[in-house]
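Enquirer: just need the structure, nothing else, for what follows:
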Amino acid sequence: MALSANSIIHYTSELEFLINIIRSNGLRFSYCLETVKTRGSQSFSSAIAMVSFCDIPLADYKKHFYNKKNTGDLGYYGDYGIGLSKTWARNNGLNPVLYVDSRSHVSTSLRKDFERFMRNQGPTETSTPHQMFLYAKNYDGELYRKGVLKKKDYRYYDEREWRIVPDSKQLGDHPVVLDADLYNEGRTAFQQNIEANLLKFDLKDISYIIVKNDDEKSLIYKQLRDSFRRDSDPIDLTSITVLTSEQIIGDF
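Expert: Numbers count the residues shown, from 1 in each chain. Okay, here's the model as predicted:
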């Protein structure tokens, strides 16, 4: 359990994606289409530039893996992940998301602030209401992955998500939030506009890395050495634990 106490984890679905994260010493900002349901069967949606993480005990990670041996609720996000320290997270401005129940008055207030903002009559990018709806997420709801409904009554609250939404300067002056319809019309172009912008980390910030099986561990250690070597001296990787999703499923 100690591994998760002071770390947050970013999941990814492919070994290639994990290697690219290590190679670039950073996580790429990308637009995520978020919908928050509110009172009266209303909702608000937008594409928000972000990088997100989970803050849950190691034993609970298993439900996120795609491992074919999994059954039931397992397999939400991927077999790969990188854990970074909460000290790094705080220093870089990450924050836990604001979970709201769809029947609460808070959700309705957030929706109204969002609608004013999208009409260009509301708060500025750095104002409190704007920041609140950029970090809002429903307590529970339907979970879709790659367009497929994975679970009808998924409890997002159990993920304890941490998120960073950058300012437009960090995105090369591209917008932080996009109208959902506009984003859907040109999502590939919008993603390409910001893909070079990274949330950077150093070797000392990595707590652990998760791969699918033991055969992939050597690839990760090699990439760590190649990516973080600054001179001819060998680098110390003893502080970084590489776990496998198969190990976590079996042992925790």
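
Enquirer: going along the chain, name the helices of this protein.
Expert: Along the chain, counting by DSSP state H, helices occupy 2-5, 15-24, 86-91, 105-118, 128-134, 180-185, 187-194, 217-228, 245-251.

Enquirer: what's near enough to touch the closest residue in space to residue 23 that isn't next to it in sequence?
Expert: Nearest non-adjacent residue to residue 23, counting by C-beta to C-beta, 6 or more residues apart in numbering: residue 227, 5.3 Å away. To be clear about C-beta, it is placed using only N, CA and C from the backbone, and glycine gets the same treatment. Each residue near residue 227 by C-beta atoms under 8 Å, 6 or more residues apart in numbering is listed here: 22, 23, 24, 25.

Enquirer: doesn't residue 198 make contact with the third one?
Expert: Just to be clear, that refers to residue 24. Yes: contact criterion C-beta atoms under 8 Å: residue 24 and residue 198 qualify, at 6.1 Å.

Enquirer: okay, residue 39 and residue 100: tell me how far apart.
Expert: Residue 39 is 10 Å from residue 100, where distance means C-beta to C-beta, to the nearest Å.

Enquirer: pull up the overlap in contacts between these two.
Expert: residue 107.

Enquirer: the more surrounded of these two?
Expert: Using other C-beta atoms under 10 Å as the criterion, residue 39 and residue 100 rank with residue 100 on top: 23 against 15.

Enquirer: could you report the neighbour count for the closest residue to the more buried one other than its chain neighbours?
Expert: Distances taken as C-beta to C-beta, 6+ apart put residue 107 closest to residue 100, at 4.4 Å, once the chain neighbours are dropped. Around residue 107 there are 24 other residues, counting by other C-beta under 10 Å.

Enquirer: residue 107: what's it in contact with?
Expert: Residues near residue 107 by C-beta under 8 Å, 6+ apart: 36, 37, 38, 39, 100, 101, 136, 138.

Enquirer: what is the most widely separated pair among these?
Expert: For those, the maximum inter-member distance is 13.8 Å, found between 39 and 136 (C-beta to C-beta).

Enquirer: return the alpha-carbon coordinates of stretch 107-119 using CSV.
Expert: Taking C-alpha atoms only, stretch 107-119 is exported to CSV below (Å, rounded to 0.1, in the frame of the first residue of the first chain):
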residue,chain,number,x,y,z
SER,A,107,-23.9,20.8,-10.4
THR,A,108,-26.5,23.2,-11.6
SER,A,109,-24.5,26.2,-10.6
LEU,A,110,-21.4,24.9,-12.4
ARG,A,111,-23.5,24.3,-15.6
LYS,A,112,-24.8,27.9,-15.5
ASP,A,113,-21.3,29.3,-15.1
PHE,A,114,-20.1,27.1,-17.9
GLU,A,115,-22.9,28.3,-20.2
ARG,A,116,-22.0,32.0,-19.4
PHE,A,117,-18.4,31.3,-20.1
MET,A,118,-19.0,29.7,-23.5
ARG,A,119,-21.2,32.7,-24.5
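
Enquirer: averaged pLDDT, it. What do you get?
Expert: Stretch 107-119 comes out with an average pLDDT of 87.

Enquirer: could you do stretch 145-152 as well?
Expert: If you average the pLDDT over stretch 145-152, you get 77.

Enquirer: again with stretch 211-230
Expert: For stretch 211-230, mean pLDDT is 91.

Enquirer: how about the residue nearest the centre of the chain, what does it touch?
Expert: Per C-alpha atoms, centre = their mean, the C-alpha nearest to the average position across the chain is that of residue 52, at 2.0 Å. Residue 52 makes contact with 10, 32, 161, 162, 163, 164 under the criterion C-beta under 8 Å, 6+ apart.

Enquirer: quick one: end-to-end distance for stretch 150-162.
Expert: End-to-end span of stretch 150-162 (C-alpha to C-alpha, to the nearest Å): 22 Å.
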